[in-house]
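> Got a sequence here, can you build the structure:
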Amino acid sequence: MTRVPGTVALRAALAEQIRRARKKCALSQEELAWRSALHRTYISMIERSQRSPTVDSLEKIAAALGISVSALLARAEKSRARNKPR
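The predicted model follows:
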């Protein structure tokens, strides 16, 4: 399988934005998992960049966090752009 350049960086940036949004809402991973109807270990793996969320999962997570998927992805892209080596 060929890796697309920047995919890992975007996954890591998205993971960080999910973690930040969760903490801003004062939610544990367990509470976020319950609200999004996903397993706690899956949330943990997403936040540690070990798994890439599916579109369906991302939609559930975003809804549980009270944010749109597009806003979450935009924040991740902005974060990735800020942290790119020059």
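
> top helix in the protein by residue count?
In the chain, assigned by DSSP state H, the helix with the most residues is helix 7-24.

> Let's see that one as CSV, backbone CA atoms only.
Taking C-alpha atoms only, helix 7-24 is exported to CSV below (Å, rounded to 0.1, in the frame of the first residue of the first chain):
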residue,chain,number,x,y,z
THR,A,7,-1.4,11.6,5.6
VAL,A,8,0.3,10.7,8.8
ALA,A,9,0.7,14.4,9.7
LEU,A,10,-3.0,15.1,9.0
ARG,A,11,-4.0,12.1,11.1
ALA,A,12,-1.8,13.3,14.0
ALA,A,13,-3.2,16.9,13.7
LEU,A,14,-6.8,15.5,13.6
ALA,A,15,-6.0,13.4,16.7
GLU,A,16,-4.7,16.4,18.5
GLN,A,17,-7.8,18.5,17.6
ILE,A,18,-10.1,15.8,18.8
ARG,A,19,-8.2,15.5,22.1
ARG,A,20,-8.3,19.3,22.6
ALA,A,21,-12.0,19.5,21.8
ARG,A,22,-12.7,16.7,24.2
LYS,A,23,-10.8,18.3,27.0
LYS,A,24,-12.4,21.7,26.3
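
> which strands and helices sit next to it?
For helix 7-24, the contact count by 3 or more CB pairs under 8 Å, 6 or more residues apart in numbering; DSSP states H and E identifies helix 40-47, helix 55-65, helix 69-83 as packing neighbours. Just so you know, the C-beta spots here come from the backbone N, C-alpha and C atoms, and that holds for glycine as well.

> If you average pLDDT over each of these, which is lowest?
Comparing mean pLDDT over these, the weakest stretch is helix 69-83, at a mean of 92.

> got the buried residues for it?
Within helix 69-83, the residues scored as buried using 16 or more other CB atoms under 10 Å are 72-73, 75-77, 79-80.
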